[in-house]
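Asks: Any chance you could fold what I've pasted below:
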Amino acid sequence: MVRLSRAQQQEANRARVLAAAREEFAEHGFRETKIDRVADRADLTRGAVYSNFPGKRALYFAVLAEAAEREPLGGATESVRDATRALGAFARAWVARLPLTGTDERVGVELMAEVTADPRVSRVFAQATAVQAILLGRALESLDPQPQAGRRRVRVAESVLTTLHGAGQLAAAAPGFVDPFAVIRSCERLAGVDLDDGWPLPHITHVPDARPVDEPWAAPTALDVLRGERFPVEDGIVAVLGLHRLEALEEALRAVAEGVPVTIVPVTSEPAELLPLVRLVLAELRSCLSSSFPAGSWARPSIVLDPGLALAVGVTDPNDDTESALRLHGGRVVARSEGRGAAHAVGALVPPTGARNEGNGARTAR
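Replies: Here you go, the predicted structure:
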C-alpha cells in the first residue's frame with residue numbers, strides 16, 4: 001500500500017467530507033444536516049470535519065462551489081454577435097439550474113437564506129454579484145455594433161441579474177410559479193434598454209497617481225478560476241482586493257489598454273467561509289457566460305484565489321477592505337499603489353521604456 005503524505009491525506013479527507021456533506025444536504029437540507037452525520041458518512045471524526053471547515057455554513061458553501069465548478073462549460077460560438085441572443089442564452093443557462101417544479105435536486109435552495117442570515121456574508125455576496133454584473137456588462141459591450149467611448153452596459157447587466165435572482169428566489173419559495181420562458185424573454189428585451197450608463201464614475205478623478213518603483217518580480221504560476229487554467233503572472237496589473245472592494249476590478253479593467261493582462265486576487269481575513277462563496281458565484285457566472293458569449297468577450301480579468309499571490313504582492317495581513325496593486329512590465333514591478341483606487345492608479349500608469357499610451361487618461365511613470 002502506498003503511504004500518503006500528510007498533505008495528500010488532508011486532501012483525501014477533505015474530499016471525503018465534501019462528498020458526505022453533499023449527500024447529507026441533499027437528503028436533509030441545510031438546517032437539518034448534522035456535522036456528526038457528515039463525519040459518520042465520511043468515516044471520520046467530528047474533529048476531522050472541523051479541521052477542514054470551521055462550520056456547517058462554510059461546508060455548505062464549499063459543497064455548492066465544488067458542484068458548480070464541475071459543471072461542463074457551454075458551447076457559445078465566436079459567431080454570437082447579437083446582445084439579445086446572448087442574453088437569451090445567458091438566461092436559459094441560468095434558469096436551467098433553478099428548482100422550477102419542486103421535484104428537482106434542491107441542495108442549493110437554502111443558499112440565499114444563509115446569505116441573508118448574516119450581514120457579513122450578504123455584504124460579500126453583494127460584491128461578488130457586482131463582479132458578475134461587471135463581467136456580464138463588459139461582455140455585452142463587446143457585442144455592441146457601434147461602440148461608443150464611455151458607454152457602459154453594467155446597469156443593464158445588473159437588471160438582468162436582478163431578474164434572474166428574483167426568479168431564483170420565487171422558484172425556491174413557490175415551485176411551479178416561475179415561467180422560465182417569460183424570464184428568458186424579459187432578459188432578452190433588456191438588451192435594448194438604455195439606462196444612461198457611463199464611465200468614468202465620479203470618484204475616479206480623485207484617485208492619486210501610482211508610485212513608480214523598480215523592483216524584481218519572480219513570476220509565480222497561478223490558477224485562474226474563470227478560465228480554469230494555470231498561467232504565469234508576469235505582466236500587466238495585479239490587484240489584491242478585499243471582499244468588500246471586489247467591484248474595484250472594473251477600475252483596473254477600464255484603465256488599461258485592450259490586451260494588457262489584469263489579475264485580481266480576492267482576499268479576506270476569513271477565507272475558510274467566505275472564499276468558497278466567491279468561488280460559487282464565479283463558477284455560476286463562468287458556466288452561464290460560456291454558454292452565451294465568445295470566450296474572448298468575458299474571460300478577462302484573471303481571478304486567482306491564492307493567498308500566496310497576495311503575499312508575493314506584499315499583502316501580509318489581508319482583510320475585507322484591502323486594496324493593493326502593482327504594475328508589471330518587462331519582468332519587473334514598475335509601479336505600486338495602496339488604498340482606495342489602487343487598481344485604477346496602476347492601470348492608468350503607462351510603463352516606461354517607450355511603452356505605448358495605454359488606457360483612458362493614462363499617466364506615465366517617471
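
Asks: Double-check that residue 161 belongs to a helix.
Replies: Yes: Residue 161 forms part of a helix when assessed by DSSP: H, G, I helix; E, B strand; the rest coil.

Asks: Quick one: list the elements packing against the longest helix seen in the chain.
Replies: Scanning the chain for the helix with the most residues, using DSSP state H, yields helix 6-32. Secondary-structure packing of helix 6-32 (3 or more C-beta pairs under 8 Å, 6 or more residues apart in numbering; DSSP states H and E): helix 35-42, helix 46-52, helix 56-70. Using the backbone N, CA and C atoms, a C-beta is placed for each residue, glycine as well.

Asks: Deepest-packed of these, please.
Replies: Mean neighbour count (mean count of other C-beta atoms under 10 Å) peaks for helix 56-70 among the helices and strands packed on helix 6-32, with a mean of 21.

Asks: after that one, next one along is what?
Replies: helix 83-95 (DSSP states H and E).

Asks: how about that next one: buried residues?
Replies: Buried residues in helix 83-95, counted by 16 or more other C-beta atoms under 10 Å: 83, 86-95.

Asks: Pick the one among those closest to residue 188.
Replies: residue 88 (4.4 Å; C-beta to C-beta).

Asks: where does the stretch 201-350 of the chain dip in pLDDT?
Replies: Across the stretch 201-350 of the chain, no stretch falls below the confidence threshold (pLDDT under 70).

Asks: mind listing the helices for it?
Replies: Per DSSP state H, counting those that start in this stretch, the stretch 201-350 of the chain carries helices over the ranges 249-255, 271-290, 307-313, 342-348.

Asks: Would you tell me which of the ones you listed gets closest to residue 177?
Replies: Of the helices of the stretch 201-350 of the chain, nearest to residue 177 by C-beta to C-beta is helix 271-290, at 21.9 Å.

Asks: between the closest one and helix 83-95, what angle do the directions make?
Replies: 130 degrees (axes from the mean of the first three to the mean of the last three C-alpha atoms, to 10 degrees).

Asks: Can you show me the CA trace of helix 271-290 as PDB?
Replies: Extracted in PDB, the C-alpha atoms of helix 271-290 (Å, rounded to 0.1, in the frame of the first residue of the first chain):
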ATOM      1  CA  PRO A 271     -11.100  32.700   3.900                       C
ATOM      2  CA  ALA A 272     -12.400  29.300   5.000                       C
ATOM      3  CA  GLU A 273     -16.000  30.500   4.900                       C
ATOM      4  CA  LEU A 274     -16.100  33.500   2.600                       C
ATOM      5  CA  LEU A 275     -13.800  32.400  -0.300                       C
ATOM      6  CA  PRO A 276     -16.000  29.300  -1.100                       C
ATOM      7  CA  LEU A 277     -18.900  31.700  -1.500                       C
ATOM      8  CA  VAL A 278     -16.900  33.800  -4.000                       C
ATOM      9  CA  ARG A 279     -15.900  30.600  -5.800                       C
ATOM     10  CA  LEU A 280     -19.500  29.600  -6.100                       C
ATOM     11  CA  VAL A 281     -20.600  32.900  -7.600                       C
ATOM     12  CA  LEU A 282     -17.700  32.900 -10.100                       C
ATOM     13  CA  ALA A 283     -18.300  29.300 -11.100                       C
ATOM     14  CA  GLU A 284     -22.000  30.000 -11.800                       C
ATOM     15  CA  LEU A 285     -21.100  33.100 -13.800                       C
ATOM     16  CA  ARG A 286     -18.500  31.200 -15.800                       C
ATOM     17  CA  SER A 287     -21.000  28.500 -16.700                       C
ATOM     18  CA  CYS A 288     -23.600  30.900 -17.900                       C
ATOM     19  CA  LEU A 289     -21.200  33.200 -19.800                       C
ATOM     20  CA  SER A 290     -19.500  30.200 -21.600                       C
END
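
Asks: ok so, going back, what residues of the longest helix of the chain count as buried?
Replies: 13-14, 16-18, 20-25, 30.

Asks: possible to save these as a markdown table with pLDDT and distance to residue 292?
Replies: Below are those laid out as a markdown table (pLDDT from 0 to 100; distance: C-beta to C-beta, whole Å):
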| residue | pLDDT | distance to residue 292 |
| --- | --- | --- |
| 13 | 91 | 38 |
| 14 | 92 | 33 |
| 16 | 94 | 36 |
| 17 | 95 | 34 |
| 18 | 95 | 29 |
| 20 | 95 | 34 |
| 21 | 95 | 31 |
| 22 | 93 | 27 |
| 23 | 93 | 32 |
| 24 | 93 | 33 |
| 25 | 93 | 29 |
| 30 | 92 | 30 |
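
Asks: from these, which is closest to residue 314?
Replies: residue 14 (29.4 Å).

Asks: give the contact list for that closest one.
Replies: residue 52 (C-beta atoms under 8 Å, 6 or more residues apart in numbering).

Asks: re the thing from before, can you tell me which of the helices of the stretch 201-350 of the chain is packed in deepest?
Replies: Comparing those by mean count of other C-beta under 10 Å gives helix 342-348 as most buried, with a mean of 29.

Asks: How far does it sit from its chain's centre?
Replies: Here helix 342-348 is found 20 Å from its chain centre; the criterion is C-alpha atoms, centre = their mean, to the nearest Å.

Asks: same question, stretch 82-101
Replies: On C-alpha atoms, centre = their mean, the centre of stretch 82-101 falls 19 Å from that of its chain.

Asks: Extract the CA atoms of stretch 150-169 and return them as CSV.
Replies: Provided in CSV are the C-alpha atoms of stretch 150-169 (Å, rounded to 0.1, in the frame of the first residue of the first chain):
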residue,chain,number,x,y,z
GLY,A,150,-17.5,55.8,-22.2
ARG,A,151,-20.7,53.8,-22.9
ARG,A,152,-21.2,51.2,-20.3
ARG,A,153,-23.6,48.2,-20.1
VAL,A,154,-23.2,47.3,-16.5
ARG,A,155,-26.5,48.7,-15.4
VAL,A,156,-28.2,46.5,-18.0
ALA,A,157,-26.3,43.5,-16.6
GLU,A,158,-27.4,44.4,-13.1
SER,A,159,-31.1,44.5,-14.3
VAL,A,160,-30.6,41.1,-15.9
LEU,A,161,-29.2,39.6,-12.7
THR,A,162,-31.9,41.2,-10.6
THR,A,163,-34.5,39.5,-12.8
LEU,A,164,-32.7,36.1,-12.6
HIS,A,165,-32.0,36.2,-8.9
GLY,A,166,-35.7,37.2,-8.3
ALA,A,167,-36.8,34.2,-10.4
GLY,A,168,-34.5,32.0,-8.3
GLN,A,169,-36.0,33.2,-5.1
